[in-house]
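Trainee: what follows is a predicted protein model with its sequence.
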Amino acid sequence: MGDAAGAAASLPLLPVVARGLVFEAGGKRLIDGIDLVLSAGGITVIMGPNGAGKSLLLRLLHGMIEPTAGTVRWGGEPPDDAVRRRQAMVFQRPVLLRRSVAANVEFVLNQRGPAGKERCRELLRQVELEALASRPARLLSGGEQQRLVLVRALATEPEVLFLDEPTASLDPHSTAMIERIVRAMHERGTKIVFVTHDLGQARRLAQEVVFLHAGRVVEHAPAPEFFTRPVSPQAQDYLAGRLVF
Amino acid sequence: MQDFGEAFGLAWSLVLDADADLVEIIGLSLQVSLTAVVVSCALGLPLGAVLSIARFPGRSAVLVVVNALMGLPPVVVGLLVYLMLSNAGPLGWLQFLYTPTAMIIAQTVLVTPIVVALSREFIQQLHAEYAEQFRSLCVSRASMVAALLWDARYSLLTVALAGFGRAVAEVGAVIIVGGNINHLTRVMTTAIALETSKGDLALALGLGFVLLTIALVVNAGVMALRMAAARYAYA
């Protein structure tokens, strides 16, 4: 049993393959037949206008919600607990426990086995929150809260990190710090899947771009190609700052 | 029958002089009701947390029953516990009838549904906020329950307070299973009922003052705690 679990944990998660992915809610088709393959390494940025289905796609890939039709396979496995345990997700709106900053990190560390206080301090140092360790987490500023959420995700040492517009309406200092950490994680081999609305941020981070429109992938290309020679009319309009319907 | 003003005066002097009988009755009341609340919380809070996160067939029916049990008539609970603990009952061999233990059992039966139903509501609200994060982190059921109970701790104090209010103020259950025996099972509410029927309003009024004061102090304490918690965004 332990050996089987160990063997499963050592199998590569990537590539992730989504086939015929459909998600419907309230009689509306919100994800409309997505076929997508994301390979190991690299930073994948998911872009698209509001309502394109970016956050839903992230949740489907992470196994947070069940698709109405189609499949998601991580290294051939469905996104069950064993797969999700090797991933982490940062939500747009930080969800913090009603505890201190340090206790929020310790909670996550303890989910993955006993952890020392030093590991918690070291993690908080990385996001410049060490001095606020005993502060109630929910009294932090928006930027500090999102840094705490990111460091909580780091604490799980994920192989894949999903970020759903983590810097929306954050101050430049926090945005820069979050981007720095995301890059550092990518350099350590973590696969990054990042949803953003911010074109500048996408240009700074992306190595490949998945562009969604109306629940479909209309373009999936390396970042330099996407930003210089977008193929789909929707992506061309989006990059030109025109409204995309 | 005493004159109303005289009864008030006597009641105050009993309270201010810490009359031995009065102190004994208050002490037993607090002991019985606080123990019942502690036992009810130990049983009811985890159950409330489990009910708030578990999804199973018939859950709605269970919630309806639990909510309905909040309004259990104390005399009916007293009667049922009496039947269980009387010599002819299945638990008669325990010889608990007419002891403070029987009163604690009866009040626990009364208070536990209140603790379960109210804690379920508070925790369900909190869980709605945490659910996605917990799912992403693959938090186990046991850790989830523990985390929700801890993070809802200040709201749950209000639940415990509601339970205490119910326990300390009820008379129907404790009078049936306790018997209102002097120096053994006489608590504030049973003493008030007895003294009023005897026309000895002073002791009844004195105990009434104390009951009201306890309610005020406990409420004020919990409210202060919750305000402090809100300041730290823990509530």
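Mentor: Great, that's in hand.
Trainee: how about the nearest residue to the residue of chain B found nearest chain A, chain neighbours excluded?
Mentor: Residue nearest to chain A within chain B (Cβ to the nearest Cβ): B:Ala233, separated by 3.6 Å. Yep, even glycine has a C-beta here, placed from its N, CA and C like the rest. Nearest residue to B:Ala233, sequence neighbours excluded (Cβ to Cβ, 6 or more residues apart in numbering or on different chains): A:Arg138, at 3.6 Å.
Trainee: scan chain B for its longest helix.
Mentor: Longest helix of chain B, by residue count under DSSP state H: helix B:100-137.
Trainee: which bits of chain B sit near chain A?
Mentor: B:129-130, B:132-133, B:135-139, B:143, B:147, B:150-152, B:232-235 (Cβ under 8 Å from any Cβ of the partner chain).
Trainee: could you find the closest non-adjacent residue to B:Gly163?
Mentor: With Cβ to Cβ, 6+ apart, the residue lying closest to B:Gly163 is B:Val111, at 4.1 Å.
Trainee: what's the helix or strand for the residue most central in space within chain A?
Mentor: The centroid of chain A falls nearest to A:Phe162 when counting by Cα atoms, centre = their mean (1.3 Å). For A:Phe162, the element it lies in under DSSP states H and E is strand A:160-164.
Trainee: B:Leu161 now?
Mentor: Assigned by DSSP H and E, B:Leu161 falls in helix B:153-169.
Trainee: for chain B, give me the ranges with low pLDDT.
Mentor: B:1-2 (pLDDT under 70).
Trainee: need the nearest residue in space to A:Leu14, chain neighbours excluded.
Mentor: Counting by Cβ to Cβ, 6+ apart, the residue nearest A:Leu14 is A:Ala40, at 3.9 Å.
Trainee: got a list of contacts for the helix or strand where B:Val76 lies?
Mentor: For B:Val76, the host element (DSSP H and E) is helix B:74-85. By Cβ atoms under 8 Å, 6 or more residues apart in numbering or on different chains, the residues outside helix B:74-85 that reach it are B:89-92, B:94, B:96-97, B:102, B:105-106, B:109-110, B:170-177.
Trainee: let's see 7 Å
Mentor: Residues outside helix B:74-85 that contact it (Cβ atoms under 7 Å, 6 or more residues apart in numbering or on different chains) are B:89-92, B:94, B:96-97, B:102, B:105-106, B:109-110, B:170-173, B:175-177.
Trainee: now stretch A:169-189
Mentor: A:41, A:43, A:126-128, A:142-143, A:146-147, A:150, A:154, A:161, A:163, A:166-167, A:192, A:194, A:204-205.
Trainee: how about 8 Å then?
Mentor: By Cβ under 8 Å, 6+ apart, stretch A:169-189 touches A:41-43, A:126-128, A:141-144, A:146-147, A:150-151, A:154, A:159, A:161, A:163, A:166-167, A:192, A:194, A:201, A:204-205.
Trainee: and what of stretch A:226-244?
Mentor: A:47-49, A:199, A:202-203, A:206, A:208-209, A:211, A:213, A:218-219, A:221.
Trainee: touching chain B at all, the one helix or strand A:Leu57 maps to?
Mentor: Assigned by DSSP H and E, A:Leu57 falls within helix A:54-62. Yes: Helix A:54-62 reaches chain B (Cβ under 8 Å from any Cβ) through A:His62.
Trainee: what residue of chain B is the furthest out?
Mentor: B:Ser136 (37.6 Å).
Trainee: tell me, what's the model's pLDDT at the residue lying closest to that one once chain neighbours are set aside?
Mentor: Spatially, and ignoring its direct neighbours in sequence, B:Ser136 is nearest to A:Met89 (4.6 Å; Cβ to Cβ, 6+ apart). The model reports A:Met89 with a pLDDT of 96.
Trainee: residue contacts, A:Met89?
Mentor: With Cβ under 8 Å, 6+ apart, A:Met89 has these contacts: A:58, A:62, A:64, A:153, A:161-164, B:136.
Trainee: partners of the helix or strand where it lies, with directions?
Mentor: Per DSSP H and E, A:Met89 falls inside strand A:87-90. Using DSSP bridges, strand A:87-90 pairs in its sheet with strand A:160-164 (parallel).
Trainee: circling back: what's the mean pLDDT across the following helix or strand past the helix holding A:Leu57?
Mentor: Along the chain past helix A:54-62, the next helix or strand (assigned with DSSP H and E) turns out to be strand A:69-74. Mean pLDDT, strand A:69-74: 97.
Trainee: any residue of strand A:69-74 touching chain B?
Mentor: No: shown here: strand A:69-74 not in contact with chain B (Cβ under 8 Å from any Cβ), separated by at least 14.0 Å.
Trainee: before we move on, what SS does A:Gly241 have?
Mentor: coil (DSSP: H, G, I helix; E, B strand; the rest coil).
Trainee: gap between it and A:Val231?
Mentor: Taking Cβ to Cβ, to the nearest Å as the measure, A:Gly241 falls 18 Å from A:Val231.
Trainee: where do the strands sit along chain A?
Mentor: A:16-25, A:28-38, A:43-47, A:69-74, A:87-90, A:160-164, A:191-195, A:208-213, A:216-222 (DSSP state E).
Trainee: near chain B, which residues of chain A show up?
Mentor: Counting by Cβ under 8 Å from any Cβ, chain A sits next to chain B at A:62, A:64, A:81, A:84-85, A:87-89, A:91, A:95, A:97-99, A:107-108, A:111, A:136-139, A:156.
Trainee: show me which of those residues are buried.
Mentor: The neighbour count (16 or more other Cβ atoms under 10 Å in any protein chain shown) marks A:62, A:64, A:84-85, A:87-89, A:91, A:95, A:97-99, A:107-108, A:111, A:136-139, A:156 as buried among the residues of chain A next to chain B.
Trainee: measure B:Asp19 to B:Val39 for me?
Mentor: 30 Å.
Trainee: by contact count, what packs against the longest helix of chain B?
Mentor: With contacts defined as 3 or more Cβ pairs under 8 Å, 6 or more residues apart in numbering or on different chains; DSSP states H and E, the packing partners of helix B:100-137 are strand A:87-90, helix B:20-53, helix B:59-69, helix B:74-85, helix B:141-151, helix B:153-169, helix B:172-178.
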